[in-house]
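Undergrad: Just a sequence and a predicted model for now, questions to come.
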Amino acid sequence: MLTLDNISKYYAKHQAVANVSMHIPRGTCYGLVGPNGAGKSTLLKIIASIIQNYSGAIQFASSDTRIGYIPQEISLEEKITANDNLLFFGRLSGLRGKRLTKRVDEVLSEIGLTEQGRDKVGTFSGGMKRRLNIGCGLLHQPNLIIMDEPTVGIDPQSRRYIFSMIEQLKKEGCTIIYASHYMEEIEQLCDETAFMDNGEIIEKGRIESLIEKHAVPSIYVKGQECLPAVLSETDSVIEKDGGYVITTSNPLTSIEQIIRNCQGHHGELERLELVKPRLEDIFFSLTGSQLRD
Ligand SMILES: Nc1ncnc2c1ncn2[C@@H]1O[C@H](COP(=O)(O)OP(=O)(O)OP(=O)(O)O)[C@@H](O)[C@H]1O
């Protein structure tokens, strides 16, 4: 769908985006993850042509690329209705007449606000505003949708709504670039992801490949007299929720040791399970920083 080649952007002397190269395949949901100030919004604005003074090149695979950009800040007029906001943004995208009113109705239904179309936006909850903010970027039926932290500060119902909209857009063949602080959202929605820190892409790839490449297997054990006195030297053990997380290069041997130890000491095993590796832990191990400060 698009290829970024060595993109860099400075704000005065500060480099916000540093030599970013990546390929975003058509029809994927591509995650962009990083802490505050990593450079995500700047990179998305460059892709959406909102920022134009940067170095490097962007190549779109097709000349028929229609970009829908959904900004991090809610940009709605609160004193008018949802319907009128959509009409305004639809006109900005070049829609007119019956095509515009048809799209406004369709989008209101897609974002679950048909009943509230005639209500002033000032009366909406944060989640409803977020959904409308997304709707404003979808009127011209874009095939590349750029979403900058679309779920910040919303209720679970609106989050579910947004997720099912994204699934639907993917089914329709849209390519989505999704920036977020929330790693669990990236794991749930995205096919591929890039980790961004200090303006640079520090790792990227398919989610399952990243987990396979970086995750160190660990097990969780909880019980009385179950932790073997001597685990292999490479294992690290930390206490968690009354039990232990054991990071081990050989989980099966560790499990065997624990069961044997438990039987030998007539211990009581409450829980023994493999811990599913998480993207958040991989990000932490690569950058040494948490996503949410
Ligand atoms: N208009 C601007 N002028 C000067 N510096 C800016 C401007 N916009 C962003 N920056 C700086 O560039 C860096 C990257 O900011 P950017 O907003 O792209 O990061 P981000 O990853 O999107 O962060 P957040 O999650 O907080 O939005 C930060 O250090 C930020 O302070």
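TA: Looks like it came in fine.
Undergrad: Give me the mean pLDDT for stretch 7-22.
TA: In this model, stretch 7-22 has a mean pLDDT of 97.
Undergrad: Determine how far it lies from the middle of the whole chain.
TA: Centroid displacement of stretch 7-22 relative to its chain, using Cα atoms, centre = their mean, to the nearest Å, is 21 Å.
Undergrad: now do stretch 151-165
TA: 13 Å.
Undergrad: And for stretch 34-47?
TA: Distance, centroid of stretch 34-47 to centroid of chain: 13 Å (Cα atoms, centre = their mean).
Undergrad: Same check on stretch 73-88?
TA: 26 Å.
Undergrad: Going by neighbour count, which residues of that stretch are buried?
TA: I74, L76, T81, A82, N83, D84, N85, L86, L87 (16 or more other Cβ atoms under 10 Å). Glycine gets a C-beta too; all of them are placed from N, C-alpha and C.
Undergrad: Export those to a markdown table and append columns for secondary structure.
TA: Below are these laid out as a markdown table (DSSP: H, G, I helix; E, B strand; the rest coil):
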| residue | secondary structure |
| --- | --- |
| I74 | coil |
| L76 | coil |
| T81 | strand |
| A82 | helix |
| N83 | helix |
| D84 | helix |
| N85 | helix |
| L86 | helix |
| L87 | helix |
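Undergrad: Would you mind giving the residues you listed as a markdown table with pLDDT and distance to H214 added?
TA: Below are the buried residues of stretch 73-88 laid out as a markdown table (pLDDT from 0 to 100; distance: Cβ to Cβ, whole Å):
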| residue | pLDDT | distance to H214 |
| --- | --- | --- |
| I74 | 93 | 35 |
| L76 | 95 | 40 |
| T81 | 97 | 48 |
| A82 | 97 | 43 |
| N83 | 97 | 47 |
| D84 | 97 | 48 |
| N85 | 97 | 43 |
| L86 | 97 | 43 |
| L87 | 97 | 48 |
